[in-house]
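[1] I'll drop the sequence and a predicted model, then ask my questions.
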Amino acid sequence: MSSPEAPDTRRAVAKPDKPVSLTVANPNTGNLRHEPHQPPREGLPEKLFEKRRAVFPQRVHGFYRNLKYVILLITLGIYYATPWIRWDRGQYAPDQAVLVDIANRRFYMFGIEIWPHEFYFVAGLLIMAGMGLFLVTSAVGRAWCGYTCPQTVWTDLFQHVDRLVDGDRNAQTRLARAPWGAAKIAKRALKWSIYLVISFWTGGAWIMYFADAPTLVRDFWSGQAASVAYVTVAILTFTTFVLGGFLREQFCIYMCPWPRIQAAMMDERSLTVTYKDWRGEPRGSVKKAKADPAHFGDCVDCLQCVSVCPTGIDIREGPQVGCITCALCIDACDRVMAEVGRPRGLIDYVTLEDSRREAAGEERRLPWRNLVRPRTLVYLGGWAAIGLVMLFALGARSHLDISAAADRNPPFMLMSDGSIRNAFTLKLRNMENRPRTVEIALNGVPGAMMWNDEESRNAAARTMRLQLAPDATRTARVYVIAPPDTPGQELGFQLRSLDKEGASDEAQAQFAAPGATE
């Protein structure tokens, strides 16, 4: 009798020449596609990310490219030149137009001076900047990313350096693939040296906003500047060199959170760069379209829109996080459409809602109708309201300020004659760039008198005069004495300047006495 057949325990091994089909998602669009997948070799882990593909944008000409040139020059000009602008504030104040004076805790912007206790102005400016971004995004999509974001501006500048040294797209591609040799090393050294100079001046310009620019430059090159200046320049030089020279689109797609935030603020009536697939599909060359014009759309599949994109995405795949709406693909597509005799606008700034209207044969709305709608009006109203409140507060603020703080231990002292003495610390702010004589008067506590550390009790009176230095804060120690049996009550310190301006301010404090409850 034959024994039963033993089960086959041999393992089936996939042949390497027959790859498995794998469904993957485009990281920019989320669209699924099928790609052949080779199993990892034995002992090697499978990669969970795609290796970066170098992006070499092609030079393009057109309206939006010219607009980017203008914005590039304006933004870089403002950044590099602003610290050198002078503004006369008198002999007691710095003459730099824009200065963040950390040492003296001041912020100067032309004719405006912000003190530490007025930080709400800075908070208001930050809120206005945020609401301004919300307004721009709701109206014209990611225009901030495409034109004025620092990462975009410096990347655009570095890409011009690439074309200057290496040539346009094809030349850059050939050089990247070429083996290392004398010519390639020389070009790389020249290009990276220019990167380094731009990065260094970017970091150097930043620290000039925090000190007098001419003085800081002299001290910096003579080795007499503070160590924090050298450290700050080194850090900003490194980050500008790396982010603008090498990471570029990687920063926009993977590192920056703003694209995800903006996506939540856009809707179907936000202007954005859009490929009109209903008009362009199915794609085909000019030769194929002439042979069968009824079958093919306007897109000739020339890939010019991909070639000029600074992030290397294909706008024809639909809305995606990699699109910064710089509109360079519009310039490229319009040029191709003109060459093949087809109407412009296959790729255009248009809302998704208007794109559907065009596909249905209806007319697009006028641009202002997309901008003027409840959502944008709410943002604009909030932005304008905050700005008006800040302007009113700025115009109505007093350039004289006083604050009072009573001693807590002990809160009062009983003198030998039964009178009650309290001690207070007054802070007097002169927010003018000239010295001022001021008068302090007591308001409340009948019969009370005061004197300071520079005087004796015999000089006690209801008022006193002090000298305030220009653009400075003075701390004064003041003693207030009241007749016996004076109850605890509110006490005011009235401050008034004795010049023609006559500015005034008042601070309230509590006069402590026996039996008083706080």
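    Sure, I can see it.
[2] off-centre distance for the longest helix belonging to the chain?
    Using DSSP state H, we find that the single longest helix of the chain is helix 182-207. Distance of helix 182-207 from the chain centroid (C-alpha atoms, centre = their mean, to the nearest Å) equals 24 Å.
[3] can you give me the buried ones in that helix?
    Lys191, Ile194, Tyr195, Ile198, Ser199, Phe200, Thr202, Gly203, Gly204, Ala205, Trp206, Ile207 (16 or more other C-beta atoms under 10 Å). C-beta: built from backbone N, CA, C; applies to glycine.
[4] got the contact list for the residue nearest to the fourth one when sequence neighbours are not counted?
    What sits nearest to Ile198 in space, not counting adjacent residues and going by C-beta to C-beta, 6 or more residues apart in numbering, is Leu157, at 6.7 Å. The neighbourhood of Leu157, defined by C-beta atoms under 8 Å, 6 or more residues apart in numbering, consists of Leu72, Leu76, Ile198, Gly244.
[5] got the CA coordinates for the strand or helix carrying Leu157 in PDB?
    In the assignment (DSSP states H and E), Leu157 maps to helix 150-166. The C-alpha trace of helix 150-166 is given here as PDB (Å, rounded to 0.1, in the frame of the first residue of the first chain):
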ATOM      1  CA  PRO A 150      10.200  85.400   0.700                       C
ATOM      2  CA  GLN A 151      10.800  81.800  -0.300                       C
ATOM      3  CA  THR A 152       9.400  82.500  -3.800                       C
ATOM      4  CA  VAL A 153      11.300  85.800  -4.200                       C
ATOM      5  CA  TRP A 154      14.700  84.400  -3.300                       C
ATOM      6  CA  THR A 155      14.100  81.100  -5.200                       C
ATOM      7  CA  ASP A 156      13.200  83.200  -8.300                       C
ATOM      8  CA  LEU A 157      16.400  85.200  -7.800                       C
ATOM      9  CA  PHE A 158      18.600  82.100  -7.500                       C
ATOM     10  CA  GLN A 159      17.000  80.600 -10.600                       C
ATOM     11  CA  HIS A 160      18.100  83.700 -12.500                       C
ATOM     12  CA  VAL A 161      21.600  83.000 -11.200                       C
ATOM     13  CA  ASP A 162      21.300  79.400 -12.600                       C
ATOM     14  CA  ARG A 163      20.400  80.700 -16.000                       C
ATOM     15  CA  LEU A 164      23.200  83.300 -15.900                       C
ATOM     16  CA  VAL A 165      25.800  80.700 -15.100                       C
ATOM     17  CA  ASP A 166      24.500  77.400 -16.500                       C
END
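[6] for it, the averaged confidence score.
    For helix 150-166, mean pLDDT is 95.
[7] how far does the helix or strand following it sit from its chain's centre?
    Downstream of helix 150-166, the first helix or strand assigned by DSSP H and E is helix 169-177. With C-alpha atoms, centre = their mean as the basis, helix 169-177 stands 34 Å off its chain's centre.
[8] buried ones in helix 169-177?
    Arg169, Gln172, Leu175.
[9] hmm, Gln58 and the second one touching each other?
    No. With contacts defined as C-beta atoms under 8 Å, Gln172 does not count as touching Gln58, sitting 9.3 Å away.
[10] how near is the residue nearest to Ile198 to Arg65?
    14 Å (C-beta to C-beta, to the nearest Å).
[11] likewise Phe238?
    From Phe238 to Arg65 the distance is 30 Å (C-beta to C-beta).
[12] just want to know which of the two has more residues nearby.
    Arg65 (17 against 13; other C-beta atoms under 10 Å).
[13] for the more buried one, helix, strand, or coil?
    helix (DSSP: H, G, I helix; E, B strand; the rest coil).
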